[in-house]
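1. For reference, the sequence and a predicted model appear below.
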Amino acid sequence: MNNTSYKRATMALGILCALLLVFGGYCTIKFVLQVTHIAFAEEQVQIFEAMRLRAMDVPTSEAASFLNYVVTYYPSGTKQEAGSKLDHIVEQARASAIRDIVAVLRNKTGEDLGDDPQRWIHKFNAKQ
């Protein structure tokens, strides 16, 4: 090999190393973002579960307040990308908590205002 061939090989290896570094950085950023979104989803689901459990043992107005919190806590598209798999999981957990808290309110009050959480919130939430 002559001097020109070594220069070309060195240049090609340098470009390959630079591309690998860029790709490694891209993968690292994607991984960090994914871990962050998973942590956000876990936190959201835990909060919904905590509100559901707390609503069982409190007065009606507080249960309605917890319902309002579940309904308004970081809506779809805020902490999770709207329509993503994690968003779907979070929204399923939200819907489940809403159904359960509405059932608790139905049980506590003996009333049936339907499944729309806003009707329950407007009627019983003292913090409006």
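-> It's in.
2. for the protein, what's the longest helix?
-> What stands out as the longest helix in the chain, according to DSSP state H, is helix 3-55.
3. okay, which residue is most central for the protein?
-> Ala41 (3.6 Å; Cα atoms, centre = their mean).
4. Can you verify my assumption that that residue contacts Val90?
-> Yes. Counting by Cβ atoms under 8 Å, Ala41 does reach Val90; the two are 5.2 Å apart. Where you see a C-beta, it was placed from the backbone N, CA and C, and this is true even at glycine.
5. Mutual contacts of the two, please.
-> Common neighbours of Ala41 and Val90, using Cβ atoms under 8 Å, 6 or more residues apart in numbering, are Lys79, Gln80.
6. For the residue nearest to the centre of the chain, give me its contacts.
-> Counting by Cβ under 8 Å, 6+ apart, Ala41 has contacts Lys79, Gln80, Leu86, Ile89, Val90.
7. One more: Val70?
-> Ile47, Phe48, Met51, Arg52, Arg94, Ala97, Ile98, Ile101, Pro117.
8. got the angle between the helix or strand hosting it and helix 3-55?
-> Using DSSP states H and E, Val70 sits in helix 60-72. Helix 60-72 runs at 160 degrees relative to helix 3-55, counting by axes from the mean of the first three to the mean of the last three Cα atoms, to 10 degrees.
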